[in-house]
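Engineer: model the structure of this input:
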Amino acid sequence: MRAARLVLGAAGLLLLAAGVRLLITGGPADAPRQVAVWLAGAVVLHDLALAPLVLAAGLVVRRLPARRAVRGGLIVAGCLTLVALPPLLRPGEPRNATALPLDYGRNLVLLLAATALAAAAAAAWRRARRPGPGGPGA
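Structural biologist: Predicted structure coming up:
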């Protein structure tokens, strides 16, 4: 397990270094400023929107028997929604139709449905494995 963590950590550092190099040498002159603005926006969005929503959802579902699966599904659904929001909220057609050729609204709905199904399957699997009434060995 320790070796896997070291390998993954080293791979992450190499990819980070490649990204920084590309940012500095391979883009327009204002690319570092644009990335800094984007990262600052991501931090603000996380701290002011995503984290409070996750905490509130955790409080709402804390009494459910399948709370772990529900919390996991809600976190994944929230992240998927945040990733899909920019293309969904951009008015009109994209300047380059080949850059965003997908139907983001439909695909978001399909991904959210798949997430809900996966969370339900995880909850059912956990319940089926639980010893006691209704579980294995009963």
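
Engineer: now the residue nearest the centre of the chain, nearest residue through space, not along the chain?
Structural biologist: What sits nearest the mean C-alpha location of the chain, by C-alpha atoms, centre = their mean, is residue 79, with 3.4 Å. Distances taken as C-beta to C-beta, 6 or more residues apart in numbering put residue 50 closest to residue 79, at 7.7 Å, once the chain neighbours are dropped. In short, each C-beta sits where N, CA and C put it, glycine included.

Engineer: now do the same contact list for that neighbour.
Structural biologist: For residue 50, the set of contacting residues under the criterion of C-beta atoms under 8 Å, 6 or more residues apart in numbering consists of 78-79, 82.

Engineer: same check, this time on residue 35
Structural biologist: For residue 35, the contact set (C-beta under 8 Å, 6+ apart) comprises residue 23.

Engineer: all helices for the protein, in order.
Structural biologist: Counting by DSSP state H, residue ranges of the helices within the chain are 2-25, 31-45, 51-60, 67-89, 104-129.

Engineer: among those, show me which one is buried the most.
Structural biologist: Looking across the helices of the chain with neighbours counted as mean count of other C-beta atoms under 10 Å, the highest average goes to helix 67-89: a mean of 16.
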